[in-house]
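# sequence and predicted model, in that order:
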Amino acid sequence: MTLQEIIDASENIVFFGGAGVSTESGIPDFRSVDGLYNQKYDFPPEEILSHTFFVTNTEYFYKFYRDKMLALDAQPNAAHKKLAELEKAGKLKAVVTQNIDGLHQKAGSKNVFELHGSVHRNYCRKCGKFYDAEYIKNSEGIPECECGGIIKPDVVLYEEGLDNDVINGALAAISSADCLIVAGTSLNVYPAAGFIRYFSGKYFVLINRDATPADKNADLVIHDKVGETLSKIEVR
């Protein structure tokens, strides 16, 4: 079956996406040749983006974070737009994303489970006051709340656990889907990669530039860019 035929035959689609969904919007992924892990800083990105580093070296964390994680000018690409269109048509029931860029919502998607949080939500660790991403981007040094507390992005850093409500919502959506489309992810990042085990529906589709460990289990595998692939789909 083709992707178009699978989508036409499905009524409860869930999309599970990783960094490869946003690369066509100009946001680098982590593990590709030009990704974050291959760029030179005083510390490896995994260390900078850890809870311990945030607490002990907050200023350097924010230097890296502003430089590499706040792509606020990025716009939704063909993948984000098509998914929003499929949701509006009642075919797509949920988006589960490992991305923190907010582009699914910017494209119009409503039911989005952000496993790793969002750069668009930032909270004072002392009083809980909310700050948007622009405030963080335009601040200098360590961003502070008017109460004097340090502001932390609502993103899941290494050493931190995922939000239970988000996990439960995502797993409920995946387990009730008749079609799961996994795209733009190497399926190497846990616990998120383990979520696909909860799918027991009819069609399992994988769209990724490179092979993944789950290719052998999929009903359809497409090794191509996510946006280019989804842009060809007709919503009917």
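Ah, there it is.
# where is the longest strand in the protein?
strand 117-124 (DSSP state E).
# which residues does the closest residue to Ser186 other than its chain neighbours contact?
In this structure, Ser186 finds its nearest non-sequential neighbour in Thr212, 5.9 Å apart by Cβ to Cβ, 6 or more residues apart in numbering. (C-beta placed from N, C-alpha, C; glycine too.) By Cβ atoms under 8 Å, 6 or more residues apart in numbering, the contact set of Thr212 is 182, 185-187, 206.
# is it fair to say Thr212 lies in a strand?
No - Thr212 sits outside any strand when classified using DSSP: H, G, I helix; E, B strand; the rest coil, being coil.
# backbone dihedrals for it, please?
phi -130, psi 160 (degrees, to the nearest 10).
# next secondary structure after the one helix or strand Val166 maps to?
Here Val166 sits within helix 164-176, counting by DSSP states H and E. Downstream of helix 164-176, the first helix or strand assigned by DSSP H and E is strand 179-183.
# direction included, what does that following strand pair against?
strand 13-17 (parallel), strand 203-207 (parallel) (DSSP bridges).
# start and end of stretch 215-222, how far apart?
9 Å (Cα to Cα, to the nearest Å).
# which one is Phe61 nearest to, not counting chain neighbours?
In space, Phe61 is closest to Phe54, 4.9 Å off (Cβ to Cβ, 6+ apart).
# and Phe199, what is it in contact with?
14, 174-175, 177, 180.
# do that again at 7 Å, thanks
Residues counted as contacts of Phe199 (Cβ atoms under 7 Å, 6 or more residues apart in numbering) are 174-175, 177, 180.
# can I have the buried ones of the residues you listed as a PyMOL selection?
This is how PyMOL selects the buried members of the contacts of Phe199, with burial counted by 16 or more other Cβ atoms under 10 Å:
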select buried, resi 174+177+180
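# ok, then the element right after the one helix or strand in the chain whose mean pLDDT sits lowest?
Lowest on mean pLDDT, DSSP states H and E among the helices and strands of the chain sits helix 45-48, with a mean of 88. For helix 45-48, the succeeding helix or strand toward the C-terminus, using DSSP H and E, is helix 51-56.
# from the chain's centre, how far out does that following helix sit?
22 Å (Cα atoms, centre = their mean, to the nearest Å).
# ok so, going back, buried stuff in the least confident helix or strand of the chain?
In helix 45-48, counting by 16+ other Cβ under 10 Å, buried: 45, 48.
# next one: stretch 120-138
In stretch 120-138, counting by 16+ other Cβ under 10 Å, buried: 120-124, 131, 133, 136.
# now do the contacts for Pro153.
Contacts of Pro153 by Cβ under 7 Å, 6+ apart are 65, 119, 122, 136.
# ok, now with 8 Å
Contacts of Pro153 (Cβ under 8 Å, 6+ apart): 65, 69, 117, 119, 121-122, 136.
# can you pull out the strands in the protein?
Counting by DSSP E, the strands of the chain are 13-17, 92-97, 112-114, 117-124, 130-131, 151-155, 179-183, 203-207, 220-222.
# could you dump these into TSV with distance to Lys81 and mean pLDDT added?
Converted to TSV, these look like this (distance: least, Cβ to Cβ, whole Å; pLDDT from 0 to 100):
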stretch	distance to Lys81	mean pLDDT
strand 13-17	13	98
strand 92-97	12	98
strand 112-114	14	98
strand 117-124	19	98
strand 130-131	28	98
strand 151-155	24	98
strand 179-183	14	98
strand 203-207	15	98
strand 220-222	18	98
